[in-house]
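Colleague: Got a sequence here, can you model it:
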Amino acid sequence: MAEALRAALKCAISFKTAFPAISAILLVLGTAQMRAAEMPTDGKHTNSLGMKFVRIEPGSFMMGQKEGGDCDERPVHKVNITRPFYMAVTEVTNAQYEQFDASHKYMRGRRGLSKEDNEAIVFVDWNDAVRFCEWLSRKEGKPYRLPTEAEWEYACRAGTTTAFYTGDELPEKYYKQQEQEWEPKPVDLSVASTPPNPWGLYDMHGNVEEWCHDWYGPYTEAEQSDPVGRTHGDFRVARSGSHNTTVDCLRSANRLGTLPEDKHWLIGFRVVIGELPATAPLALPEPELWAQNVSQQPSDWSDGPDSKSPYFKGPDQYVKIPENSNGPLYSRHNHQPAITACPNGDLLAIWYSTTSEKSRKLTVLAARLRLGSEQWEQASTFWDAPDRNDHGNAVMWDGQDTIYHFNGLGTDGTWGKLALVMRTSTDNGVTWSKARLINPIHSLRHQVIAGPIKTRENYLIVACDAVTGGSGGSAVHVSRDNGLTWVDPGAGRPKPEFKAGETGAWIAGIHTGVAQLRDGRLMAFGRGDSIEGKMPRSISADMGNNWMYSASDFQPIGGGQRLVLLRLKEGPLFFASFCKDMTVTDDAGQFRTVRGLYGALSFDDGQTWPVRRLITDDKLAREAQTTDGDNFTLSPTSAEPHGYMAGTQAPDGVIHLISSWNHYAFNVAWLRTPMPAERQ
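Modeller: This is a model prediction of the structure:
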């Protein structure tokens, strides 16, 4: 019977070109019959590639981990696996995968990993893994696929209820460089080199991460049978943990995930034999607060303050997170924000929230200030690749109907190995396109900095830190086709020396702000890498291919500080930064020394900055809060001392500036008004 079915399938394949519709029907019917006819029946199975499988019997288990687990592993809930399936005892190896795709040999040994035949395959994305399963199904006449997330955890636990199938701790004999490093250290990824679990499965705790079938989404409390994840999403689930990461990521319940197109040195896969459960996937949860009940009525921006009269408001706290929050919102550290106006008149701010900047527990949050409201709403999750460091983010409205979101996507808990991601929204930030890798290589030069711009040529410019430290330079990514394709003009070119009069392919300094000058050149300021004791300035006449360096007029800034550079609709350039001490003239003509956050205006494209103003409400001295709730003194001569600033100007002329904690709103008329004279 099996041989006859194989012959029918070969016949269908040969007819594919001439009779595609008939061929498709024959393939579906024939494959289904072969799968039903040729499922293994013994407790173990070995296929033609030498892949070994064990039969996993039906059963029930409690999925997730309450104590000591992550927030996305809760609520712990009962799951029933109602049908047997066969799981490969090891991850797919290089030798096995390359029988399907011989070209993968060129990926062996990248980053010093997975060189040999018997090492686990890496540098394969979710789609590669699915195509391998489809190829193997046709070759073997059996239903090969990726395991569901529930099947994977059920098989990993093998009847245990502890953090690992070895108990509450994982013995060191299972370790394969279980430390989080800036760069991965070479380690042997040979499969089955550590003891198996009680059901005979190897490498369920570590070696490489393993793709699962499911779209990632939150758990529910309800008991489930044969769950298959959510209907859709940005991220496909990965399990197991890997080499070159901390041991807690190797727990049975730990969940990871990334874009299905993402591939790097931590992720491989294993396969199962068995039909995918026919269970309907769960619908997506209710939208987050920032996406609920959002007006789609375009604002005419006519209700803004009179542009001829000084206007100032703030500081107002926009980071609103319940105390003692521990995921996915974290009350401990909120930082690196971005802000944009929306076509409907709302403001949308995003930033990352974490326990530590070098951590897998890092979530991008968002909050909305609705048109006409005086208060920012509570924060909620905006974008969160599970167990990845999503370091760096930006949002930008193009002034028409599109809002752009740019983000870094990490491999692990550091920001030195980021890929670059873009999404768009055409409904005021309510829904977003599928996240797309616009630079898929995990490397430096991808830590997104707030303040993307659209040039007069309609080019998109996104600045990114090119290094991991507090100085060293920045990159720009340029798209000339509205975000379809991107180039990094400085990629692969050596880091220059940042000296006055020198040129190079990088922007001087990190956390850069970029603006276009009236003659079409780009100008950028950066943190660190000071030139002649001043903040560095970089000018490019060829859209970021080459930069010339000089000293600016401004004091350099350091840790916990970031500048803003904007081209205002009135024409001037606006600059915001921090000073240790700066002399300004008050409205009585007296010189005053001020410190902290200030704004400046240039009317000659950055040659001079005659207007400089401390950004404060000019009221009597009092205690205020800055990054993560730290206190500072706010007064006419003392402003916020640090924060990662981000800014935007709305069509009504109001400049919106946010630190890592506060929101300030003001107009050009206010900036040009001298600070009040000292009270006697």
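
Colleague: Which residue ranges of the protein form helices?
Modeller: For the chain, helices defined by DSSP state H occupy the ranges 2-14, 20-38, 94-97, 126-140, 149-157, 668-671.

Colleague: thought residue 471 was touching residue 527?
Modeller: Yes. At 7.2 Å, residue 471 counts as touching residue 527 under the criterion of CB atoms under 8 Å. In this view, the C-beta of every residue, glycine as well, is placed from N, C-alpha and C.

Colleague: Looking at those two, which is more packed in?
Modeller: In this comparison of residue 471 against residue 527, neighbours counted by other CB atoms under 10 Å, the higher total goes to residue 527 at 26 against 18.

Colleague: Looking at strand pairing, list the partners for that one.
Modeller: Following DSSP bridges, residue 527 is listed with bridge partners residue 510.

Colleague: Walk me through the domains of this structure.
Modeller: The record's domain split for the chain, according to automatic domain parsing, is 1-38, 40-273, 289-451+553-671.

Colleague: I'd like to know how many residues surround residue 183.
Modeller: Other residues within reach of residue 183 by the criterion other CB under 10 Å amount to 10.

Colleague: Just give the nearest non-adjacent residue to it, would you?
Modeller: Setting aside the residues directly before and after it, residue 183 is nearest to residue 416 in space (CB to CB, 6 or more residues apart in numbering), at 7.2 Å.

Colleague: Quickly note the distance from that neighbour to residue 189.
Modeller: Here the criterion is CB to CB, to the nearest Å. By it, residue 416 lies 21 Å from residue 189.

Colleague: With neighbour numbers in mind, choose between those two.
Modeller: Neighbours were tallied for residue 416 and for residue 189 using other CB under 10 Å; the higher tally belongs to residue 189 (27 against 22).

Colleague: In terms of pLDDT, where does that one sit?
Modeller: Residue-level confidence at residue 189 comes out at 98, pLDDT.

Colleague: The spatially closest residue to it that is not a sequence neighbour pairs with what?
Modeller: Here the nearest residue to residue 189 in space, its sequence neighbours aside, is residue 119; by CB to CB, 6+ apart that works out to 4.1 Å. Counting by DSSP bridges, residue 119 forms beta bridges with residue 190.

Colleague: Pull the contacting residues for residue 119.
Modeller: Neighbour list for residue 119: 93, 94, 113, 188, 189, 190, 191 [criterion: CB atoms under 8 Å, 6 or more residues apart in numbering].

Colleague: Distance of the nearest residue to the first one once chain neighbours are set aside relative to residue 271?
Modeller: What that stands for is residue 93. For residue 93, the nearest residue in space outside its immediate sequence neighbours is residue 118; the separation is 5.4 Å by CB to CB, 6+ apart. Taken as CB to CB, the spacing of residue 118 relative to residue 271 amounts to 17 Å.

Colleague: quick one: which of those two has more around it?
Modeller: Comparing residue 118 with residue 271 by neighbour count (other CB under 10 Å), the higher total belongs to residue 271, at 24 against 15.

Colleague: ok, that one touching residue 136?
Modeller: Yes. With contact defined as CB under 8 Å, residue 271 and residue 136 form a contacting pair (7.1 Å).

Colleague: Next, show the common contact partners of those two.
Modeller: residue 144.

Colleague: Put together TSV for the domains of the chain, with distance to residue 465 on each row.
Modeller: Below are these laid out as TSV (distance: least, CB to CB, whole Å):
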stretch	distance to residue 465
domain 1-38	49
domain 40-273	14
domain 289-451+553-671	4
